[in-house]
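1. Okay, predicted coordinates and the sequence, questions at the end:
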Amino acid sequence: MSEDIKKTIRELHIYEKKLLKELEANPEATPEQIAQNAGMDIKSVMSAAGSLASKDIIEVDKEVEKTYSLTEDGLKYAEEGLPERRILDVLAEKHQIHMKDLSSEAGIDKKEANIAIGWLRRKNWAQIDKGIVNITDFGKDFASKLDVDEKVLEYLKANADGVKLFTDDLMDGFKKLTGRKNILEVKKETSHSFKLLPKGEAILKEGFTIQEQATQLTHQQLKDGEWKSLQYRPYDINAEAPVIFAGKKHPLRVIIDEIREIFLNMGFSEDNGEFVESAFWNFDSLFQPQDHAAREMQDTFYLKNPLICDLPDGDIVKLTAETHETGADTGSIGWQYDWSEDIARQSVLRTHTTGISTKHLFEHEPPIKMFSVGRVFRRETFDYKHLPEFHQVEGLVCDKGISYQNLLGTLKEFYKKLGFEVRFRPAYFPYTYLSTETEIYLEEKESWIELGGAGMFRPEVLKPLGINQPALAFGLGIERLAMIRYDVSDIRMLYKSDIKWLRELKLDDGVKL
């Protein structure tokens, strides 16, 4: 114990030592007395006290004393009467008043009259029936005597310097006044007192000297050799350091950057597309019929400005229409309906990033390796796994001779770089065939979870675009990946800006910063 006390003494700041010496001389000394006797300012005294308290050397007690007095409005009510009292005085003579006449009859403004009505009913001084305010028997009794809150007003008026405590008979009235605005003014005075703990008494018993200690050296002290005679304050290398929350990327941004890096390393180029797109590129180019449920207002945001979008030049619009109506030369019979150019011109917030892929195919010559990462928008109901705005990732490869085997190989490599073991199962998507869903294995849950979809673009998609080579496409939702990686059960957590969660979340587990 003695060695521990000696070590603590060596680490004490000079202000801590001065404070302890003052408490040794006078255990009842206040911070102000200590500041005056030790030649310190009050801020230094309180800082030293906080440090000593954290080391269990002293105990710091805090006491807050409140003083209550009347505001300017409160003094006015004490002299002229509360609004409900002034109305009661009129009722005592007339017994009833019409609501519209309250202000003029009682000499109060309309705002006060509205407040007074509530208090008249609460105090049971009056009742209102069909716009008429009638005095009650209870109100008649109070016409000649003060209520408890009015007694408090009189008491505070007589004690203009303020009141610290109220007697029991005034306490109910005080509580009523605290429930009203701009009547009571509260001044708080905070005082502190110190108490030596056993460790502090042991330190004083051991004894110490008060001497200025150096915590840093100047160039001049090093130059003239003064540093040799200085007393140095020792440092505890095991002392707890303050927690520093350094700036870092948002978890969604971390995953987006990681996915972008994976695609770039695999030889893909990036295309971002536009948030506002025509229904042609968002739906028609993907061989989705114009009466498809996904186009309804329940799923899609249609815009009023711009109301319509331009369609692309060339034969693509004509070929798309023929494909939808009859299948053209794709080998299918199409959807067997009359395709509408007006519907294709409708302006929408993109519902997926796959439209970026078809537009990219139209604007570029194969071979193509393209990816996109961007926001998409759907009319979803907010809940733990749905948002109306979220992120999608899209990958596209188009070249001679690529096949479904190339799709599976690309997916395996992509998810391997994300750190997942994958497997595939058959699926259906309206614009790909063959199609598959990708499942990843989560060791901690010992289960497989679906994460993304993929497939080979159908001829009905490629032919109108002028593409005569096979193309594979795959995608996944970033928010879903983030929920898995960061063990989040509610997708809304990713957007809540919960500073505590963001600070404590570790981003170095399988993520490249």
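-> Sure, I can see it. None of these values were measured; they are calculated from a predicted model.
2. so where's the chain shaky on pLDDT?
-> Across the chain, residues meeting the criterion (pLDDT under 70) sit at 1, 233, 236, 297-298, 508-513.
3. let's go with 80 and repeat that
-> The model of the chain has pLDDT under 80 over residues 1-2, 105, 209-216, 229-241, 294-298, 384-385, 444-445, 507-513.
4. which residue ranges form the helices in the stretch 1-150 of the chain?
-> 2-11, 14-25, 31-38, 42-54, 72-80, 83-94, 102-106, 110-122, 137-142, 148-158 (DSSP state H, counting those that start in this stretch).
5. Isn't Arg378 up against Arg350?
-> No. Arg378 is not in contact with Arg350 according to CB atoms under 8 Å; the separation is 9.6 Å. For glycine as for every other residue, the C-beta is placed from the backbone atoms N, C-alpha and C.
6. More neighbours: which of these two?
-> Set side by side, Arg378 and Arg350 show more neighbours around Arg350, with 24 against 18, by other CB atoms under 10 Å.
7. and the more buried one, what does it touch?
-> Residues in contact with Arg350 (CB atoms under 8 Å, 6 or more residues apart in numbering) are Gly273, Glu274, Phe275, Val276, Glu277, Asn282, Ile356, Val376, Phe377.
8. Strands - which of these land there?
-> Val276, Glu277, Val376, Phe377 (DSSP state E).
9. Out of the residues you listed, which is nearest to Leu177?
-> Closest to Leu177 out of the ones in strands among the contacts of Arg350 is Phe377 (53.3 Å), distances taken as CB to CB.
10. now the closest one: how far from Glu394?
-> Remark: distance between Phe377 and Glu394 (CB to CB, to the nearest Å) = 15 Å.
11. Also Asp338?
-> Taking CB to CB as the measure, Asp338 falls 31 Å from Glu394.
12. So for these two, which residue has more residues nearby?
-> Neighbour totals were compared for Asp338 and Glu394, and Glu394 leads with 24 against 8 (other CB under 10 Å).
13. I'd guessed Ile308 sits against Val348; true?
-> No. Between Ile308 and Val348 no contact is recorded; they are 10.6 Å apart, counting by CB under 8 Å.
14. Now do the contacts for Glu341.
-> Leu311, Val317, Ala321.
15. and those, which of them are in helices?
-> Counting by DSSP state H, the part of these found in helices is Val317, Ala321.
16. and Trp227, how many neighbours?
-> Trp227: 14 neighbours (other CB under 10 Å).
17. Would you quantify the distance from it to Leu465?
-> Plainly put, Trp227 is 79 Å away from Leu465 if you go by CB to CB.
18. quick one: which of the helices of the stretch 1-150 of the chain is nearest Tyr441?
-> Closest approach to Tyr441 among these (CB to CB): helix 42-54, 48.2 Å.
19. mind listing what's buried in stretch 319-326?
-> Buried residues in stretch 319-326, counted by 16 or more other CB atoms under 10 Å: Leu319, Thr320, Ala321, Glu322, Thr323, His324.
20. Stretch 409-419 now?
-> Thr410, Leu411, Lys412, Phe414, Tyr415, Leu418.
21. Span of stretch 156-165 from start to end?
-> Its start and end residues considered, stretch 156-165 measures 11 Å (CA to CA, to the nearest Å).
22. before we move on, back to that, identify the contacts common to Ile308 and Val348.
-> What both Ile308 and Val348 touch, as defined by CB under 8 Å, 6+ apart, is the set Ser278.
23. Among those two, which residue is more densely surrounded?
-> The neighbour count for Ile308 versus Val348, taken as other CB under 10 Å, is higher for Val348 (22 against 13).
24. Surely that one forms part of a strand?
-> Yes. Val348: assigned to a strand according to DSSP: H, G, I helix; E, B strand; the rest coil.
25. Next one: it relative to Phe457, how far apart?
-> Going from Val348 to Phe457 by CB to CB gives 21 Å.
26. Alpha carbons of stretch 256-267, as PDB, please.
-> Output of stretch 256-267 as PDB, limited to C-alpha atoms (Å, rounded to 0.1, in the frame of the first residue of the first chain):
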ATOM      1  CA  ILE A 256     -19.500   0.700 -52.300                       C
ATOM      2  CA  ASP A 257     -15.800   1.500 -52.600                       C
ATOM      3  CA  GLU A 258     -14.900  -2.100 -52.000                       C
ATOM      4  CA  ILE A 259     -17.300  -3.300 -54.700                       C
ATOM      5  CA  ARG A 260     -16.000  -0.700 -57.100                       C
ATOM      6  CA  GLU A 261     -12.400  -1.800 -56.500                       C
ATOM      7  CA  ILE A 262     -13.300  -5.400 -57.100                       C
ATOM      8  CA  PHE A 263     -15.000  -4.600 -60.400                       C
ATOM      9  CA  LEU A 264     -12.100  -2.400 -61.500                       C
ATOM     10  CA  ASN A 265      -9.500  -5.100 -60.600                       C
ATOM     11  CA  MET A 266     -11.600  -7.600 -62.700                       C
ATOM     12  CA  GLY A 267     -11.300  -5.400 -65.700                       C
END
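27. What lies in contact with it?
-> 249, 270, 369, 371, 373, 391, 393, 395, 410, 413-414, 417-418, 478, 511-512.
28. Flag every buried residue along that stretch.
-> For stretch 256-267, using 16+ other CB under 10 Å, the buried residues are Ile256, Glu258, Ile259, Arg260, Ile262, Phe263.
29. Between which two of the buried residues of stretch 319-326 is the distance greatest?
-> The largest separation in these, counting by CB to CB, is between Leu319 and His324 at 9.8 Å.
30. Tabulate the contacts of Glu341 (CSV), appending distance to His360.
-> Below are the contacts of Glu341 laid out as CSV (distance: CB to CB, whole Å):
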residue, distance to His360
Leu311, 17
Val317, 18
Ala321, 21
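31. Relative to Tyr232, which of the contacts of Glu341 is nearest.
-> Leu311 (80.4 Å).
32. Let me know whether that closest one touches Ile343 as I believe.
-> No. Assessed by CB under 8 Å, Leu311 is found out of contact with Ile343, at 11.2 Å.
33. of those two, who's got more company?
-> Neighbour totals were compared for Leu311 and Ile343, and Leu311 leads with 17 against 14 (other CB under 10 Å).
34. Grab the nearest non-local neighbour of that one.
-> Leaving aside its sequence neighbours, Leu311 sits nearest to Val317 (CB to CB, 6 or more residues apart in numbering; 5.2 Å).
35. neighbours around the one you found, how many?
-> Residues near Val317, counting by other CB under 10 Å, number 18.
36. Surely it is in contact with Phe280?
-> Yes. In this structure, Val317 is within contact of Phe280 by CB under 8 Å, at 7.3 Å.
37. residues of stretch 417-426 that come out buried?
-> Within stretch 417-426, judged by 16+ other CB under 10 Å, the buried ones are Leu418, Phe420, Val422.
38. Distance check, the first one against Thr320.
-> Leu418 sits at a distance of 35 Å from Thr320 (criterion: CB to CB).
39. what helix or strand does the closest residue to Glu65 other than its chain neighbours sit in?
-> Excluding its sequence neighbours, the residue lying closest to Glu65 (CB to CB, 6+ apart) is Glu189, at 4.7 Å. Assigned by DSSP states H and E, Glu189 belongs to strand 184-196.
40. Just name whatever secondary elements the next helix or strand along the chain from that strand is in contact with.
-> Using DSSP H and E, the helix or strand that follows strand 184-196 in sequence is helix 198-206. On a contact count with 3 or more CB pairs under 8 Å, 6 or more residues apart in numbering; DSSP states H and E, helix 198-206 meets helix 2-11, helix 14-25.
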